[in-house]
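> sequence plus the predicted model coming up.
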Amino acid sequence: MMARPCLLPFFLVAVVAAVLSLSSAPSGVLAKSKLAKKSDDIVNGPLLTEKLKAKRTLIVGPDEEFKTVQSAVDAVPAGNTEWVIVHLRSGVHKGKVVIPKDKPFIFVRGNGKGRTSISHESASADNAESAAFSVNADNVIVFGVSFRNSARAGLVNNPEIRSVAAMVAGDKVAFYHCAFYSPHHTLFDSTGRHYYESCYIQGNIDFIFGGGQSMFQCPEIFVKPDRRTEIKGSIAAQDRKQEDDTSGFVFLKGKVYGVGEVYLGRVSAPESRVIFSDTYLSKTINPAGWTSIGYTGSTENVMLAEFNCTGPGSDTADRVPWSRRFTMNEAVKYLTIDFINGKEWLPAYYY
Ligand SMILES: *[C@@H]1O[C@H](CO)[C@@H](O)[C@H](O)[C@H]1NC(C)=O
């Protein structure tokens, strides 16, 4: 299989698919198979819809049966066992959304991260409380939605400023072509196995954090400037606590760029595990690479590593001594979706 660019603009693919189906497909059936074939290359809404075989679709929009995303989620029965599509019409869907623990098998489908968004303004001392979007159920798939917590950036020492865009606390949860925006603590990747493909994540201080076991495939990470503090922020703060804990964040084949300056990660637990592999790192990365600021324990067992990264931020000459540069042998278990047992549960993935 030939390598292909990760971040190919989605509209291009859509245009190509449309042209293909117009020019050479005499019947609906053929048109469908052409689209499916194309979709094997880039995961999109039609491909996921086909794979998940949902029997019900709940449509959310101003002129639809469901006016709010939460009302559609509420309409899914407790103990649900079959995939249900919650389709969000293009536009901004205001209000906090919570997928409760007893409502698994929900496919939240938008029209693309530039067209469909869930937006809520909420700041709190508690990360979970502040979240604009919370997934507490297992088996949730999301495609093409932006998540925005539109709270204002407060003073950095004020605990009431956590303003999470999304909290992910279920197992087997995947986001494709989504975006996450917030002024503080953007993505709370709390617990469970998660997959993020071609997602845009923006922030400055510990903006991807928690104890999830997660793979970020082809992410676009944008570092915002943050003048609230002298302390530089970090992209990832991962909470792996002990050796038999399978959690960790793996960033693969993405790019990090932006305006502010950050560390790749901050130690937040004794066995913090964060790996950046095949990633373009711009000058926004502090030459030390990683920090333990705010953490008082030992850095002896942390696993903060880089492998095969490129760009001006990847020069490791000044890295902190307790960070690692993986060899191919050390990196190999983090280079495929087997790290999250993805072949067992993901409907589609980049390969
Ligand atoms: C290193 O990354 C490049 C892309 O930047 C990729 O083509 C190459 O296969 C990677 N090498 C290894 C050993 O993974």
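Right, received. Where do you want to start? Since the structure is predicted, the reported quantities are computational estimates derived from the model, not experimental observations.
> tell me how many other residues crowd the residue in the stretch 151-300 of the chain that the ligand sits nearest to.
Closest to the ligand within the stretch 151-300 of the chain is Asp278: 4.2 Å, counting by C-beta to the nearest ligand atom. (Glycine included, C-beta is placed from N, CA and C.) Applying other C-beta atoms under 10 Å, we find 16 residues neighbouring Asp278.
> chain center to stretch 283-298, what's the gap?
Mean-position distance between stretch 283-298 and its chain equals 22 Å (C-alpha atoms, centre = their mean, to the nearest Å).
> give the buried residues for that stretch.
Taking 16 or more other C-beta atoms under 10 Å as the basis for neighbour counts, the residues of stretch 283-298 that come out buried are Thr284, Ile285, Asn286, Gly289, Trp290, Thr291, Ser292, Tyr295.
> show me these that map onto strands.
With strands taken from DSSP state E, the overlap with those comprises Trp290, Thr291.
> isn't there a helix covering Glu50?
Yes. When DSSP: H, G, I helix; E, B strand; the rest coil is applied, Glu50 is found to be in a helix.
> tabulate the buried residues of stretch 283-298 (JSON lines), appending distance to the ligand.
Output for those, formatted as JSON lines (distance: C-beta to the nearest ligand atom, whole Å):
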{"residue": "Thr284", "distance to the ligand": "18"}
{"residue": "Ile285", "distance to the ligand": "16"}
{"residue": "Asn286", "distance to the ligand": "22"}
{"residue": "Gly289", "distance to the ligand": "18"}
{"residue": "Trp290", "distance to the ligand": "21"}
{"residue": "Thr291", "distance to the ligand": "25"}
{"residue": "Ser292", "distance to the ligand": "28"}
{"residue": "Tyr295", "distance to the ligand": "30"}
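> could the buried residues of stretch 283-298 be laid out in CSV, adding distance to Thr310?
Formatted as CSV, the entries for the buried residues of stretch 283-298 read as follows, by distance: C-beta to C-beta, whole Å:
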residue, distance to Thr310
Thr284, 14
Ile285, 12
Asn286, 17
Gly289, 15
Trp290, 18
Thr291, 22
Ser292, 26
Tyr295, 29
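> which two from the buried residues of stretch 283-298 end up farthest apart in space?
Greatest spatial distance among the buried residues of stretch 283-298 (C-beta to C-beta): Thr284 and Tyr295, at 21.9 Å.
> mind showing which ranges of the stretch 251-351 of the chain have poor pLDDT?
351 (pLDDT under 70).
> the ligand contacts on that one?
Asp278, Asn308, Thr310, Met328 (C-beta under 6 Å from any ligand atom).
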